[in-house]
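# Need coordinates for the following:
(chains A, B, C and D)
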Amino acid sequence: MSASAVHSLWTTAAEPISKIDPPKIEYGQLSPTLIVIGAAIVGVLIEAFVPRKSRYYTQVFVSVVALVASFAAVIGLAAGGYGTTKAGIAAMGAIAVDGPSLFLQGTILLAGLLGVFTFAERRLDPAAHGNRVDSFAAQAASVPGSDSEKAAVKAGFTTTEVFPLLLFAIGGMLIFPSANDLLTLFIALEVFSLPLYLLCAVARRKRLMSQEAAVKYFLLGAFASAFTLFGIALLYGYAGSVSYATIAQVVDGTVPQITPALADTMGNDALLLVGAAMVVMGLLFKVGAVPFHMWTPDVYQGAPTPVTGFMAAATKVAAFGALLRLLYVVLPGLRWDWRPVMWAVAIVTMLGGAIVAITQTDIKRLLAYSSIAHAGFILAGVIATSPDGVSSVLFYLGAYSFVTIGAFAVVTLVRDAGGEATHLSKWAGLGRRSPLVAAVFAVFLLAFAGIPLTSGFAGKFAVFKAAAEAGAGAIVVVGVISSAIAAFFYIRVIVLMFFSEPRPEGPTVAVPSLLTMTAIGVGVAVTLVLGVAPQYFLDLAGQAGVFVR
Amino acid sequence: MSFPLLTATAALPALGAIATAAVPAAKRTAAKWLALIVSLATLALAVTVLVRFDPGGDRYQLTESHSWIADFGVRYELGVDGIAVALIALTALLIPFIILAGWHDADPLETGNKRWRPTQGFFALILAVEAMVIISFEATDVFLFYIFFEAMLIPMYFLIGGFGDRAHEHGEETAATQRSYAAVKFLLYNLVGGLIMLAAVIGLYVVAGNFSLTEIAEARANGSLDMATSTERWLFLGFFFAFAVKAPLWPLHTWLPNAMGEATAPVAVLITAVVDKVGTFAMLRFCLQLFPEASTWATPVVLVLALVSIIYGALLAVGQRDIKRLVAYASISHFGFIIMGIFAMTSQGQSGATLYMVNHGISTAALMLVAGFLISRRGSRLIADYGGVQKVAPVLAGTFLIGGLATLSLPGLAPFVSEFLVLVGTFARYPVIGIIATVGIVLAALYVLVLYQRTMTGPVKAEVAKMPDLRVRELVVVAPLIVLLVFLGVYPKPLTDIVNPAVEQTMSDVQKKDPQPEVEAAK
Amino acid sequence: MNPVNYLYLAALLFTIGATGVLIRRNAIVVFMCVELMLNACNLALVAFSRMHGNLDGQIIAFFTMVVAAAEVVVGLAIIVSVFRARHSASVDDASLMKL
Amino acid sequence: MENLIALLVAAPLLGAAVLLCGGRRLDAVGHWIGTVLAALSFVFGAVLFADMLGKDPEHREMSQHLFSWIPVEGFQADVAFQLDQLSMTFVLLISGVGSLIHVYSIGYMEHDERRRRFFGYLNLFLAAMLLLVLADNYLLLYVGWEGVGLASYLLIGFWQHKPSAATAAKKAFLVNRVGDVGLSIAIMLMFTTFGTFAFGPVLASAGDSGEGTLTAIGLMLLLAACGKSAQVPLQSWLGDAMEGPTPVSALIHAATMVTAGVYLIVRSAAIFNGAPDAQLVTTVVGAVTLLFGAIVGCAKDDIKKALAGSTMSQIGYMVLAAGLGPIGYVFAIMHLVTHGFFKAGLFLGAGSVMHGMNDEVDMRKYGGLRKYMPVTFVTFGLGYLAIIGFPGLSGFFSKDMIIEAAFAKGGTEGWILGGVALLGAAITAFYMTRVMLMTFFGEERWKSRPTASPEEPSAEPAAEHHGAHAEPHPHESPKVMTIPMIVLAVGSVFGGAFFSIGDRFVHWLEPVTGHTHGHPPVSALTVTVATVTVMVLGVGLAYLQYGRRPVPVVAPRGSLLTRAARRDLLQDDFNHVVLVRGGEHLTRSLVYVDHTLVDGVVNGTAASMGGLSGRLRRLQNGFARSYAVSMFGGAAVLIAATLLMRAV
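Okay, here's the model as predicted:
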């Protein structure tokens, strides 16, 4: 609920009160978020009250139900025209319910659902003392390698808290792209970041790396959010308000009544520019754009792979959603200032990600760098500043998130004694051992590389087309070159899997339960469908391509 | 709405590929037969296309058009002109021979692993390539073409990298590394080309707003769509680069010798006789139709590059010690001729180039497949390891010689017709280039005859003394090709009748007239 | 007093905090520096709030404190667990993953 | 009647197809099939000839259009035949001599297990050669042109297990290809000039185009002729071509194929007439080759190579004559025909000698064979008299005419050319006498002979049939071989007289080639006398050197010229150094370039990318604080850039 709303609550306190009119909350339009947050709280209660044995099942059940319900709500809203004709501002200006937010919320929820599946997977790790275990620490608090840990494992503990945490994160992500004032933006940022910090820390294997990842992510994340907040402060100082609409008006100079103070600060563009830059920087950190990307490889590598998959997919979606809204709703008047800068960022991101990825030896780090390169491609669509740009970015995000989750899900399957075998050398000859898994992974890699007939190509074409139409030919050329570079290391993995002899001590491919299978299957299906017949989804993204302000 | 013949022609091998891949590991032979039957059925369809095609009729026939990705202005548009028909027929014709020739190339060494089914994969991939090649010949929508132009790299890549010659002179380990190097090289070269083309494709969309070849060409013709000269040239370069890599044109050729050297002979044939043709075909169809001015603008440079390819490829072929690489460089030289014919901008040149694509396909298939049989017998690709084969395996040697004579375009065999047309066509407009190119025929004789002399004649080497002559299966592969070479060499009329109208169309696209004979010009 | 001075102070505090993050090794201290940055933001917000004569800024400040508190909860949990695992709170010791 | 023309080609072609595809089951009868079909095409030829004689001289040309070969916009190539007196002459020569040599080969190749294939190749050759002379356009002629090249390649290399044979075959094909470049360029020029390359229109409208073009075309045609007819500078292959079986040398490398160049020039008379420069070059080439071949012929101890040299020189005469224009065309063809008879006869004789001498080819190991193989001796002797131009025999007439024509060219040119021709006649007499004496007269040097001398590898596979080192027992060859020799001998005796009496041949060919009577600066009689005298001189000289003194079995070192001549006047060495070595270096360096430069650029780019990547990834040093630094710096840059954007 927005600050101005609260303010109006208080400022009436002077006179004698006849009645307190409550803030107007459109529960229906906020239902997706509310459902997820509610379920998260329920999850916490479950942790408190449900006996340990049945927690896992209850949590999984609750999360799945919540996400499905929330997704249904999104569909309902979209069907009800809230994405297009009835798009509007809800919760007294705090939340925008419009095409982009619904589209992104839908994507996030599906990604979350698949995330839950991978979280809940219990077939991959060998059973410890007869209890099937997932990829999360038995007891995150216990020191790695300590007796307490052994005891916890023996007792068959599992960190079922991950499910409520996941739900909280999803809740935050749902708000993030639809936040319509800076405060909501900031709160949403923290709401989805903090659970992720924790999720990074609770891996079952390689716990030291996991904790290190968490520390790095946390410190850098906090650092970044501090910047964001300062930027918010400056923008507030410039416009005297945190609501997107007002700021936009002030920027355009079309604000209805101008107080002297406002007139004073309005003249000071430094506030605006610096503020905008800092807020944008915070978002670029989340999407992992160069030079704010350096957390990505370490965190992706250290975090439990299901978390990595979810994070890589959903965080990007949410953050790009927020970035789009900020740039298209708040700062369109500033286009000529931020576009060149974003050009530069996009170019260095594309090239940097692609080039550094060439020499990676760990599959998770490789995917991390590839995700950086993809952030660059998406930025190319963002700077188009045209409806086509929006819809292309939406489409790309949708396509990309499924590929990513699928890819990381496959990574969880390839294991040896020490857990997941993420070093590339171990993947040699995988195609001989289990052609199917290798083939699936190859499909994802080709999608990343943007080979035709995969969703990656359609997405890439969409964003480049938008960029080209917006006259950013240079971006397209750079993008093409960096995709060529990127192709090199995707191909390297394929060569490794299919053309090099299997190692005798090579990893085994665990046969997953239905959960992970679903995640991977959906990933492949979406990848191919969006590759061969993208029209329907392009239409969807096209209709969803309009922001409300 | 009539029966979608073109779609069927492309879809059949695609479905066949899936079916073949699905055959269980134990049923290896079944997979082979399935693939063979599918390819033959495809050939039947292609022949139907050939018959249904009316040379006198519209430019594009048997057209199909359905909306596909409206947002990108992409339609599923198929249609064939004479050139496409000829090349589809060639593709459909060669695939059965390729399958038959590669009958045992993919038999797994260890049959224990139930999951690993290389044989099924091999034949499925071949069919997949066929499907993609055919549809890229049929596509009249630039985007549709581009998609399959790119996508066909993937199965090719697995064919090159996954399957090599049995008994490699350096042992399996190095063979594997060399193979994957060749495969990666192939893929990266073509991918880079394709991505640069992607930029141009996007540019084309920005300029034209849709991808329909016919519509754009139409609009270009009636002036409703005018590109800035510079734009057109950039777009042309983007397209041409990709096609030049695929063709391949000097200096973008170095992937071909590696690929053809490491791949098994049938796959090598698939590369040079089928897949690369898409490149030259696309130059003729897309570069010239979409960017006529730019094409004429680029002609001098392209011709010089083609000339370099001809001489350079031939000289390197002379210098090779490896049979397959030799054929590869010979192909580079031949592709030089094709491209020269295309850009000579004369009817003779372009008809010649089109015939050349077909004839080169057949002749290289003949030569390369026989070479493959030879190599499979001795387990070495080095010319030096052979000698006197003619004494122990006369039929093999004879067929090899005929293939070679076709390669050096001996009159009476098919390639002569096309090569002479290309030369005449080029000479008519660019005498000097034509004359220099003619030197290529001497070099061709040199590398072919040296190859034949070193491998087939002279005293019989101990290693080849026990070499069996061609088996029935192998004879079935080679004989029809040779018959075809002779027939098309003596009576190419059926082919030219189909091709000529299309060439006239292209000539009118680029607004070029054949130069008049001196005597008439004087009058 | 000119309200702009408050901004200068805020900026100064923010920079001090940022510098601290960059130069201090101890994770706890680094974290405190982040808190300092947040508080610098709070100061700026309040100052602007006063300047514009509306309460939004102050309210954001309250939210910020809550967020800071939440960050403390999460952050300390992580840092402490790392400390217990490695017996060192130095950020630089946590560098298993690189390149 | 026209429809018979195609059959001329079809018959031997069918034979080739049947024999080459027939497989082993035809081994028994293969040679008969081949011979019959060759003879059949001679019969067709004869029938057509009779028919042609029936018509009046101006309307003797027949033509047959089979089908349109390469129909492309503005480019019409048909498979169509044209049979006029010129073609007819060749048809009879080719099919006639061809059939005889088929018969001869039956005996000669009796012991070769690949005889069937041999006959297949011979038939293939006949077909191609007939196509060459019957084609009604240059492109179809080109097909025959390369076809005979192929046949000669296959036949020279018939004993492929011998590296020397394989190499010789390859060389022959390559040198011919160089000539073919000339032919194809000539055709292209015709196409761009006249818009067609059919004999009719091209020759008809030759006058319409500039002399420059005609000269260019003419020179290109001459280049082609040089290749096929072993004229300087493309003569080097002929000597090596003797690696082939002797019948091949007789048919292809003496009687027919090597004369195709002359046919080409005479056929293109209209073009050459319009290009005096081209004609001059032609005469020069002819004259040079004439001497070149003659000199080489004097030095060779290998009987076949000696004859090969002589062939070269005799064709030199023809080319010279053809270069003289209308005064020479007829005589060129006439000499071609007579030469066809006696040279074929000589080669068959040589073959028969070798047959009797364990395939020994070194004349220094012959001697006194006349009493062992009388028939061979007589026929060979008649051929000998014919070629040296003994009065009354065919060589006398044809060669004499050419010499006259050469003088008749007039001016210094005339004197020079005539002189050269005369000199050639003298040398011819010398080396042929040498061959004659060394082979059939003198002591019998083959008794208790040492092993074959290394520097002259024996052309026939010694180990093939007879014991290699057994002392030879010279014997006459079987009837099947001698009869063709006799027939040819008859031809070489009376042919010339028959043709020249009443200028029969001139009248026969005039409608096609045209003819003008030259007027030598000196009377024809003088020329004749001179010719005879130099001939006698040559014979005498040879007699003094080889008749009076014994011939050493091992060749003496000899003068510089002799040694040079033995090595084909060093022309091969030149080729080897300049072309072969140079070419090898070129290709090697190019392979290197391709690998390091062209490929290197790409690999280099990839490598540098890797290096860059390696350097960049060091930034990712694992320290959270350095990450923070990059973020901070990034933020600073971002802010600065944004402000800057506003500033500018």
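# A:Gly237: neighbouring residues, count only.
Neighbour count of A:Gly237, defined by other C-beta atoms under 10 Å in any protein chain shown: 25. Glycine gets a C-beta too; all of them are placed from N, C-alpha and C.
# Am I right that B:Glu232 is in a strand?
No. B:Glu232 is assigned helix when assessed by DSSP: H, G, I helix; E, B strand; the rest coil, not a strand.
# unless I'm mixing things up, it is touching B:Phe291, no?
Yes. Counting by C-beta atoms under 8 Å, B:Glu232 does reach B:Phe291; the two are 5.1 Å apart.
# For B:Arg454, list the residues it contacts.
By C-beta atoms under 8 Å, 6 or more residues apart in numbering or on different chains, the contact list for B:Arg454 reads B:Ile383, B:Ala384, B:Tyr386, B:Gly387.
# The third one and B:Ile375: what is the separation?
As judged by C-beta to C-beta, to the nearest Å, B:Tyr386 and B:Ile375 stand 9 Å apart.
# Name the residues of the longest strand seen in chain D that come out as buried.
Ranked by residue count under DSSP state E, the longest strand found in chain D is strand D:62-72. Residues of strand D:62-72 classed as buried: D:Met62, D:Gln64, D:Trp69, D:Ile70, D:Pro71, D:Val72 (neighbour count, 16 or more other C-beta atoms under 10 Å in any protein chain shown).
# From D:Leu86, how far out is the second one?
Read that as D:Gln64. Taken as C-beta to C-beta, the span from D:Gln64 to D:Leu86 is 16 Å.
# do the same with D:Phe67
D:Phe67 is 24 Å from D:Leu86, by C-beta to C-beta.
# Does A:Gly81 belong to a helix, a strand or coil?
At A:Gly81 the chain is in coil, as set by three-state DSSP.
# Burial check on it, number of neighbours?
10.
# and it, how far is that from chain B?
21 Å (C-beta to the nearest C-beta, to the nearest Å).
# With only the CA atoms kept, save the longest strand of chain D in CSV.
Output in CSV follows, covering the C-alpha atoms of strand D:62-72 (Å, rounded to 0.1, in the frame of the first residue of the first chain):
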residue,chain,number,x,y,z
MET,D,62,26.1,-34.6,-97.2
SER,D,63,25.0,-33.9,-93.6
GLN,D,64,23.0,-35.6,-91.0
HIS,D,65,21.4,-33.9,-88.0
LEU,D,66,20.8,-36.3,-85.1
PHE,D,67,19.6,-34.2,-82.2
SER,D,68,20.0,-30.8,-80.5
TRP,D,69,22.8,-31.4,-78.0
ILE,D,70,23.1,-28.3,-75.7
PRO,D,71,20.2,-26.0,-76.3
VAL,D,72,20.7,-22.9,-74.2
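# In terms of secondary structure, what does the helix or strand following that strand contact?
Using DSSP states H and E, the helix or strand that follows strand D:62-72 towards the C-terminus is strand D:75-83. Under the contact criterion of 3 or more C-beta pairs under 8 Å, 6 or more residues apart in numbering or on different chains; DSSP states H and E, strand D:75-83 touches helix D:4-22, strand D:62-72, helix D:115-134, helix D:138-156.
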